[in-house]
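# Quick one, fold the following:
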Amino acid sequence: MEDRSIQIQLGIGAIAASVFLIAVAIPFWVSSPSNVPNIILSPLFWPNVLAALTGLIGAGLIVTSITQPKPEAPAASDVADRPAAFTRLAVMAVIMVASVLVMPRLGLVWTAMATFAATAFLVRTKHPRSALVCAVLIPLVLYVFFAHIAGVAVPQGDFVRLP
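Model (predicted):
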């Protein structure tokens, strides 16, 4: 199967998922009070934004697959070392399970930092310093927004409590 057809199928799938989320899942399964003072704090706002972005990305995949030039040679397999790929997949599963098990003890922010850093090094990022900076700053900035601006309680750990 060539890259163009894979992109088209992924685009169609993303658009279908977006339509399902916007038309069925969010209206019927996400409850929201009618007196939310700020639309950004509404439980319906961010799921709708993410669903719309999913549809836009799907449309972008379809458009780019149609407009890109046809390749002259058939694409070779992307994975040169299949055992290493399956090992990385297994390690990613371990990281996900560990993050779920560790979250009640460390809290959401610290677990997100460790998970971000571990995943960045698992995929062998070309920018390890940037990955570490992002692993620390993104969870902290999100914590500050949700805890201090939006007033949402962020789960804290047993060891270190953030202000």
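
# what sits against residue 115?
Counting by Cβ atoms under 8 Å, 6 or more residues apart in numbering, residue 115 touches 95-96, 99. In this view, the C-beta of every residue, glycine as well, is placed from N, C-alpha and C.

# relative to its centroid, which residue of this protein is most remote?
Relative to the centre of the chain, and counting by Cα atoms, centre = their mean, the farthest-placed residue is residue 72 at 33.8 Å.

# before we move on, back to that, show me which of the contacts of residue 115 are buried.
Among the contacts of residue 115, those buried by neighbour count (16 or more other Cβ atoms under 10 Å) are residue 99.

# Can you tell me which of the contacts of residue 115 comes closest to residue 62?
Comparing the contacts of residue 115 against residue 62 with Cβ to Cβ places residue 96 closest, at 30.0 Å.

# So for residue 157, what's the pLDDT?
Per-residue pLDDT puts residue 157 at 86.

# for residue 148, same thing?
Predicted confidence (pLDDT) for residue 148: 89.

# same deal with residue 85?
For residue 85, the predicted pLDDT is 88.

# State the distance from it to residue 122.
Plainly put, residue 85 is 12 Å away from residue 122 if you go by Cβ to Cβ, to the nearest Å.

# Would you mind finding the longest helix in the protein?
helix 82-106 (DSSP state H).

# picking that back up, against residue 7, how distant is the residue farthest from the centre of the chain?
Where residue 7 is concerned, residue 72 sits at a distance of 18 Å (Cβ to Cβ).
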